[in-house]
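A.B. asks: Turn this into a structure:
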Amino acid sequence: MKKLIPALILLLTSAFAFAAAVTVNGISCGSLKSLTLSGTGDYTVSTDGTCGAVSPPVEPPASTCPSGVRCIDRPWPIVPQETVALEGTSVLAIKVKAGASGSGKLVTAYTSGSSGNRQVAISSKPGDFAVSAPCIKSGTQSTTTYWGIGAANQSQCLMAPNQTYWVNIRHTTCSGRCEFILRGY
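C.D. replies: Numbers count the residues shown, from 1 in each chain. As a prediction, this is how the structure comes out:
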């Protein structure tokens, strides 16, 4: 009796649904032709179309961030002033997109909390500190990295127009948690 009542309700409500489209996992399978209930309580649905094969879910692309590097996005060239904390010698890689032209500077500064010696490098790869002198700076109190897009002088890190870059930052003398202020303009 318990199976009969839901089946009767389903039969009555489905009488109005025979003209409705049947969708399975987001794929249209045509219009409903019949709905039957087996003696074991299983429902069988038939349609006037076919559902086809369902494609497997697409795996997200592999991260471009290497192991041990924390990657984030920030606006460029304006990086609003913020206090950043890193554990030990972990690396922060900030993904930025160079514009068509321009120049500016990226500054890190000591905070009143615990702050160690920092390295800041602008590179085409996250976590990369093997870059030329204008593109890498070190310091405890502050670092200032001057950059230029398209054309730069010798004191500026040259960036190609409309390309993706990474601002890589790490402490080299930090035990525990160290903070610094980051700002770009």
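
A.B. asks: use CA for all of it now, contacts and neighbours both
C.D. replies: Fine.

A.B. asks: burial count for the closest residue to Gly113 other than its chain neighbours?
C.D. replies: The spatial neighbour of Gly113 that comes closest, neighbours along the chain excluded (CA to CA, 6 or more residues apart in numbering), is Glu179 at 6.6 Å. Glu179 has 22 neighbours, counted by other CA atoms under 10 Å.

A.B. asks: before we move on, what about Phe129?
C.D. replies: Number of residues near Phe129 (other CA under 10 Å) recorded here: 19.

A.B. asks: ok, now which ones touch it?
C.D. replies: Residues near Phe129 by CA atoms under 8 Å, 6 or more residues apart in numbering: 120-123, 136, 168.

A.B. asks: Local confidence estimate at Ile72?
C.D. replies: The per-residue pLDDT reported for Ile72 equals 89.

A.B. asks: distance of it from Asn153?
C.D. replies: 28 Å (CA to CA, to the nearest Å).

A.B. asks: The residue nearest to Gly113 bridge partners, please.
C.D. replies: Ala85 (DSSP bridges).

A.B. asks: pLDDT at it, what is it?
C.D. replies: In this prediction Glu179 is given a pLDDT of 87.

A.B. asks: What of Leu158?
C.D. replies: 92.

A.B. asks: For it, grab the count of nearby residues.
C.D. replies: Look at Leu158: counted by other CA under 10 Å, it has 20 neighbours.

A.B. asks: Does it touch Ala151 like I think?
C.D. replies: Yes - contact criterion CA atoms under 8 Å: Leu158 and Ala151 qualify, at 6.8 Å.

A.B. asks: OK, contacts around the closest residue in space to Glu87 that isn't next to it in sequence?
C.D. replies: Closest residue in space to Glu87, ignoring its immediate chain neighbours: Arg177 at 4.4 Å, by CA to CA, 6+ apart. By CA under 8 Å, 6+ apart, the contact list for Arg177 reads 85-88, 114.

A.B. asks: Closest one of these to Cys65?
C.D. replies: Closest approach between the contacts of Arg177 and Cys65, by CA to CA: Leu86, at 16.4 Å.

A.B. asks: sorry, back to before: list phi and psi for the residue nearest to Glu87.
C.D. replies: The phi/psi pair for Arg177 (degrees, to the nearest 10) reads phi -110, psi 120.

A.B. asks: quick revisit: the residue nearest to Gly113 and Arg118, how far apart?
C.D. replies: Note on Glu179: its distance to Arg118, by CA to CA, is 10 Å.

A.B. asks: can you give me the strands in this protein?
C.D. replies: Applying DSSP state E to the chain gives strands spanning 21-24, 27-37, 43-47, 69-73, 79-87, 91-97, 102-110, 118-123, 136-139, 142-149, 157-159, 164-171, 177-184.

A.B. asks: Good, we can wrap up now.
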